[in-house]
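[1] Please find the sequence and the predicted model below.
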Amino acid sequence: MRIADFGIKEARACLFVILFFAAVFSVPRTGLLGVPRYDVLFIIALAIQAWMVWAKLETIDELKAICLFHAIGFVLELFKTSAGIKSWAYPDFAYTKVMDVPLFSGFMYAAVGSYIIQAWRLLELRVRHHPPYWMAALIAVLIYANFFTHHFIGDYRWHIAACALGLYARSTIVFRPFDRDRNMPLFLAFILIGFFIWIAENISTFFGIWKYPNQLGAWSAVHIGKWSSWSLLVIMTFTIITNLKHIKEQIHVSE
């Protein structure tokens, strides 16, 4: 494998992630030109998306999928920051806040979807031994539901993770970094992506973009358990993308 080629394609797949989080880490907490920080980040995220579509780095269909991820993530943010839950909080003022959640926050979830979508095209991803799509969709629904229900009926993430492991045990992701196919266990890819998101979350909380209750006095590392949450979110995101692609293929076949 030519590491340079793989690195270039990975960087290209992370284009939205890189640009968006560069803004997250560089925009001052006081904002810019009198505009609050969270509002600036929302404007920047919209501008990045518009530019990527204009530059044909992203298709309209891909933009629709990213908007879906934004909506899914934003609903989760609304719940997690609501009264009585308060898993984390966005302490700064913003005009683009809905129920104490800034609109830019949904783009953090959309960034995961953007990376997978871009990597799929650039690395010519294929999945060997993909499980039945309805079963994968069911696991994804359970993952999303557990983010809400664990506050009331217990956390079943490890039970769901075990089911996902069994479902994807034979699945392999095939990618082409340069001139030949390479492969990796699909579940390992989920875990690795989740780990890098956990690292990014530590950096984000260090800069005070949002804070967990244990970070209000002084910053501390995000609990390692969040790695599992992010890995499960990656599974959910990947499932949505594969199911959307499957549905699109079925429509084309029927035509």
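    Sure thing, it's come through.
[2] Check which helix or strand the residue nearest the centre of the chain maps to.
    Nearest to the geometric centre of the chain sits V112, at 2.7 Å (Cα atoms, centre = their mean). Per DSSP states H and E, V112 falls inside helix 106-122.
[3] Now do the strands for the stretch 151-255 of the chain: every range, in order, please.
    For the stretch 151-255 of the chain, applying DSSP state E, counting those that start in this stretch gives strands covering 172-175, 182-185.
[4] For T239, find the nearest of these.
    Nearest of those to T239, taken as Cβ to Cβ: strand 172-175 at 13.3 Å. From N, CA and C alone the C-beta is placed, and that goes for glycine too.
[5] for this structure, what's the longest helix?
    In terms of residue count, the longest helix belonging to the chain (DSSP state H) is helix 225-254.
[6] Show the secondary-structure elements that it is packed against.
    Judged by 3 or more Cβ pairs under 8 Å, 6 or more residues apart in numbering; DSSP states H and E, helix 225-254 is in contact with helix 60-80, helix 106-122, helix 133-153, helix 157-167, helix 186-206.
[7] quick one: that helix to helix 157-167, angle?
    Put simply, helix 225-254 runs at 40 degrees to helix 157-167, going by axes from the mean of the first three to the mean of the last three Cα atoms, to 10 degrees.
[8] Tell me the buried residues in helix 225-254?
    Across helix 225-254, burial judged by 16 or more other Cβ atoms under 10 Å covers 226-242, 244-245.
[9] Run through the residues that contact the spatially closest residue to the residue nearest to the centre of the chain that is not a sequence neighbour.
    Closest residue in space to V112, ignoring its immediate chain neighbours: T237 at 5.1 Å, by Cβ to Cβ, 6 or more residues apart in numbering. Residues near T237 by Cβ atoms under 8 Å, 6 or more residues apart in numbering: 69, 109, 112-113, 116.
[10] now for those, which pair is the farthest apart?
    Farthest apart among those by Cβ to Cβ are Y109 and I116. That separation is 11.7 Å.
[11] who's more crowded, these two?
    A direct count of neighbours by other Cβ atoms under 10 Å for Y109 and I116 places Y109 higher, at 24 against 21.
[12] Surely that one and L68 touch.
    No: at 9.9 Å, Y109 and L68 do not qualify as touching, with contact defined as Cβ atoms under 8 Å.
[13] picking up where we left off before, just the C-alphas of the helix holding V112, formatted as CSV.
    Coordinates of the C-alpha atoms in helix 106-122 are reproduced here as CSV (Å, rounded to 0.1, in the frame of the first residue of the first chain):
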residue,chain,number,x,y,z
GLY,A,106,-25.8,19.0,14.4
PHE,A,107,-22.9,19.4,12.0
MET,A,108,-20.7,17.5,14.4
TYR,A,109,-22.8,14.4,13.7
ALA,A,110,-23.1,15.3,10.0
ALA,A,111,-19.3,15.4,9.9
VAL,A,112,-19.2,11.7,10.7
GLY,A,113,-21.6,11.0,7.8
SER,A,114,-19.7,13.3,5.5
TYR,A,115,-16.5,11.4,6.2
ILE,A,116,-18.1,8.0,5.5
ILE,A,117,-19.8,9.3,2.3
GLN,A,118,-16.6,10.8,0.9
ALA,A,119,-14.5,7.8,1.9
TRP,A,120,-17.0,5.5,0.1
ARG,A,121,-16.5,7.3,-3.2
LEU,A,122,-12.8,8.1,-2.9
